[in-house]
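# The following comprises the amino acid sequence and a computationally predicted model.
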Amino acid sequence: MIRTPFRRLAFAALKHVLNLWVRSQTINLSAATLKIDRSKPVIYVLQQHSLTDLAVLDSECIKAGLPRPVTPVVVGDILEANAYIYATPAPDWLGRPVKRTVPTRLTHLLTAVKHSTVEDAQIVPVSVFWGQSPDRETSFWKVLWTDNWVVTGRLRKLARILFLGRMTRVLFSDPINLRQLVSQNKSEERTQRMVLRIVRVHFRNLKTAVIGPDLSHRRTLIKALLEAPTVREAIEREATRSGLSRERAKGQAFGYAMEIASDFSYPVVRCLEIILSWFWNTLYKGIRVNHIDRVQNVAQGNEIVYVPCHRSHMDYLLLSYLLFHNGLTPPHIAAGINLNMPVVGSILRRGGAFFMRRSFKGNALYTAVFNEYMYTLFSRGFSTEYFVEGGRSRTGRMLQPKTGMLAITLRSFLRNSQRPVVFVPVYIGYERVFEGRTYLGELRGAAKKKESILDIFKVVKALRQRFGQVWVNFGEPLSLPQFLDQHQPEWRELAYDQEARPPWFSSVTHCLAEVVARRINDATAVNPVNLTALILLSTPRQAMDESALTRVFDLYLSLLRQVPYSPSATLPEGDGQAQVSYVRSLNILIEQEDAIGRILSLNEQNTVLMTYYRNNILHVFALPALLASFFQNTPRMSVEQIHRFTQALYPYLQAELFIRWDRDELPAVIDQWLKALVDHDLLQQEGNVYKRHTPSSRQFVRLSLLAHSLQQTLQRYYMAIALLLKHGQNCLTALELEDVCTVMARRLSILHGLNAPEFFDKTLFRHFIQTLLKEGVLHQNENGKLSHHELLGELAEEAGKRMLPAEIRLSIRQVALERPDEISLPLEPNEH
């Protein structure tokens, strides 16, 4: 306590010495100054007895103009000498903890509120973190002394001040109003214990969010994992099945656990942050982070599962770096076993990576160990990260999500639902992806290259190139308990059997995967490069006059500002001219200049690669492009016709591109986009009828440009239906139709010069056929043969006449009729 003049003088001297060396900052200063009500008594709460923490707090309060902790405060009829308390009492002279007691000042405060000598009072928990400023750490030695869960002695505290005093951060938490707690009418003793318990839990949750949960030794964790009932039972079954002794089966389980488990190390994480800070600043021009406050708001008290899109190996490094940089603990990351390479694997493991095999099939013991390991992470409060797409997207679009990790997460939560699970979707958008040349080869048909430790040298070589900026947008968090309440309301009352999944488990998991994928896409970052790709690839020769490109840029940005895709999506700053100039600086475009002006175009190599960037934002423009497509061959349409065609085609676009709007939301969004197209003079409205401009007008050219961004997708749909109709009812299985569509798409791409490899991507046809089955347009008989709705041909042709050029429709029909005996031959089984 700082009561006597001598102690105040000593504290002032300590503070003066600290100020010569310590540099602190409040990371939520504006929030703290707004939430603290200065008309009520304010008492600050520090987690543990520390005069240095108190001195730092006092300095920050002076800078913020907040009431100081070391000045007297009036509480009713009592004048308290100071305005702070410690949640944990000071240890004895030997450093041993003493019995917890209720601080006298807190007792006085609660009594005053209870007897209404003061209307209300507030206590403000304050956390002081030493060495939690990654942007200023420059020494590997310093990271050894940063905050962790080890009990801090006086010597270690002194070392932190010496080595980390110039990188100290202070975090003010929301004030706790005592009137609300006293009004519960509990006894004084119970109220006091309740307040201290709330404060202690708060400090622990906050520390977990900032530096991660308390870590036990890896071997201790693995030992506990092997003793879990589910793993012991799996060991017994494996011993019986394979004829091994129990000890050898247990040895196998131990080997699996060692292969899987991370070996999280705070010093290594801090060192990685130093390296990555230099790396990002060298490789990229800047990293733009949006909506990270959403994570900070849900990090305390919840089990956080980060679910980013997967576009590059940089994704997990970048996300971990940004989380730490913003005061959040880096997550444990699910990594493919292919990354467990010499040296690299060890570093990744100590940085929080745990490794998983691509398939668990046929290995029940490995499955049991992995599931138990994930349950251990969740139950102990570790934040985790995995990619629902499974692997990196080589086409730039969101891949169909894999449900394996989501199912494991859901099983773990049903097993113990005390700690809520919250999914945090993350969209990572690159202006130039690091693996661009590799993807270019794979897009052209080359085999996927296996990762190698020699790839490090490619990283060094790439540092001389320009990769532009990176956007990292945090989407709207998804609470798993709330999701289950909505989709399976009785889940809380049902007993969960680890051996047998509930009947609804599979359908709910698939629904969860779709929602997560949509929320990732909701957070899309529209940037200058992907918008340039969308525009230029919609032109016949992937070229455009610079002034025309600038005008289309302004048009598209204006449309998206009038009808935002989602609250989580972001747009680039500046006008079209600034965006085009920026893209030119990245040396992506070929420039030709004459007396009239400058022409910007793409060469053959960049044309293929730019389909990757276009696909990043294709879902954002899918609906307006669909509306624009209706007027390619039709001069006018009624509102009723537009809604009918849109609602008929939307389920397939939504399933492929993970568009955000549900069907009941669609009519209102269609009307918003029609209004925007009229406001920007792309369409005209006469009552309930919408008209296009004349085909020779500038407005029609721009409308066609918008429509062409979706044309290849619509061509694939039309071709699949044409082939199905040609073969007739109950003649093809889904797999045979998929194979025929792939062959025909390759042929069409050659005939019409379609330089977009995903046009003949087999998985896209597969999911289109699955959606047709889901929507009831197709049916399968007992032999798996497909039959279709009798009006399918009429509806497809009516839509095709409106949306596709006549030569494309004619070519598709001709190709569908050519040599059907060869086209319909199924491929060899191993090619499926």
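Received it, and whenever you're ready, just let me know what you need. Numbering: from 1, shown residues only.
# any idea of the mean pLDDT in stretch 242-259?
Summarised as a single mean, pLDDT over stretch 242-259 is 90.
# who touches that stretch?
By Cβ atoms under 8 Å, 6 or more residues apart in numbering, the residues outside stretch 242-259 that reach it are 222, 225-226, 231, 234-236, 238-239, 337, 340, 355, 365-366, 368-370, 373. For every residue, glycine as well, the C-beta is placed using N, CA and C.
# any idea how far residue 536 is from residue 403?
When distance is defined by Cβ to Cβ, to the nearest Å, residue 536 is 36 Å away from residue 403.
# With residue 22 instead?
From residue 22 across to residue 403, the span is 50 Å (Cβ to Cβ).
# Surely residue 121 is in contact with residue 114?
No - the criterion here is Cβ atoms under 8 Å, and residue 121 misses it with residue 114 at 10.8 Å.
# Overlap in contacts, the two.
Here residue 121 and residue 114 share no contacting residue, scored by Cβ under 8 Å, 6+ apart.
# about what we covered before: now intersect the contacts of stretch 242-259 with the strands, please.
Here DSSP state E is the test, and those give residue 355 as lying in strands.
# May I have the residues that are in contact with the closest residue to residue 340 other than its chain neighbours?
In space, and not counting its chain neighbours, residue 340 is closest to residue 355: 4.8 Å by Cβ to Cβ, 6 or more residues apart in numbering. Residue 355 makes contact with 259, 260, 335, 336, 337, 339, 340, 345, 349, according to Cβ under 8 Å, 6+ apart.
# Any chance of a markdown table for the residues you listed, columns neighbour count?
Formatted as a markdown table, these follow (neighbours: other Cβ atoms under 10 Å):
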| residue | neighbour count |
| --- | --- |
| 259 | 16 |
| 260 | 23 |
| 335 | 23 |
| 336 | 16 |
| 337 | 13 |
| 339 | 16 |
| 340 | 19 |
| 345 | 17 |
| 349 | 22 |
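# can you list contacts of stretch 640-656?
With Cβ under 8 Å, 6+ apart as the criterion, stretch 640-656 contacts 622-623, 626-627, 630, 659, 661, 663, 666-667, 670, 674, 688, 690, 710, 713-714, 717, 764, 767-768, 770-772, 774-775, 795, 799, 802.
# Please repeat the previous calculation with a cut-off of 7 Å.
622, 626-627, 630, 659, 666-667, 670, 690, 717, 764, 767-768, 771, 775, 795, 799 (Cβ atoms under 7 Å, 6 or more residues apart in numbering).
# Ok, stretch 112-123 next?
So stretch 112-123 is in contact with 37, 40-43, 45, 75-78, 109, 175-179, 182, going by Cβ under 7 Å, 6+ apart.
# Drop anything exposed from those residues.
Neighbour counting by 16 or more other Cβ atoms under 10 Å classes 41, 42, 43, 45, 75, 76, 109, 175, 176, 177, 178, 182 among the contacts of stretch 112-123 as buried.
# Which residue in those has the weakest pLDDT?
Among those, residue 76 has the weakest pLDDT, 77.
# how far away is it from residue 283?
60 Å.
# again with residue 733
To residue 283, residue 733 is 48 Å away according to Cβ to Cβ.
# do the same with residue 360
As for residue 360, its distance to residue 283 is 35 Å (criterion: Cβ to Cβ).
# Likewise for residue 791?
Distance of residue 791 to residue 283, given as Cβ to Cβ: 55 Å.
# now swap in residue 493 and tell me
In terms of Cβ to Cβ, residue 493 sits 52 Å off from residue 283.
# try residue 469
Taking Cβ to Cβ, one finds residue 469 at 11 Å from residue 283.
# re earlier: bridged to the residue nearest to residue 340, which residues?
Going by DSSP bridges, residue 355 is paired in beta bridges with residue 335.
# per-residue pLDDT, it?
91.
# Same check on residue 807?
The model's pLDDT for residue 807 equals 79.
# Surely residue 381 is in contact with residue 304?
No - if you go by Cβ atoms under 7 Å, residue 381 and residue 304 don't touch, sitting 9.3 Å apart.
# Settle it for me: which of those two has more neighbours?
residue 304 (24 against 19; other Cβ atoms under 10 Å).
# Sort out for me which of the contacts of stretch 112-123 are in strands.
Using DSSP E, those in strands are 42, 43, 45, 75, 78, 176, 177.
# nearest to residue 390, of those residues?
Looking at these and their distance to residue 390, the nearest is residue 176, at 44.1 Å (Cβ to Cβ).
# Next up, the contacts around the closest one.
Listed by Cβ under 7 Å, 6+ apart, the contact set of residue 176 reads 122, 123, 198.
# Would you list the buried entries among the residues you listed?
Looks like these have 122, 123 buried, using 16+ other Cβ under 10 Å.
# Tell me which of the contacts of residue 176 fall in strands.
With strands defined by DSSP E, the entries of the contacts of residue 176 inside them are 122, 123.
# gap between the closest residue to residue 806 other than its chain neighbours and residue 64?
Once flanking residues are discounted, residue 806 sits nearest to residue 633: 7.5 Å by Cβ to Cβ, 6+ apart. In this view, residue 633 and residue 64 are 65 Å apart by Cβ to Cβ.
# PyMOL command to pick out the buried ones of the contacts of stretch 242-259?
Per 16+ other Cβ under 10 Å, the buried members of the contacts of stretch 242-259 correspond to this PyMOL selection:
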select buried, resi 222+225+226+231+234+235+238+239+340+355+365+366+368+369+370+373
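# Many thanks, have a good one.
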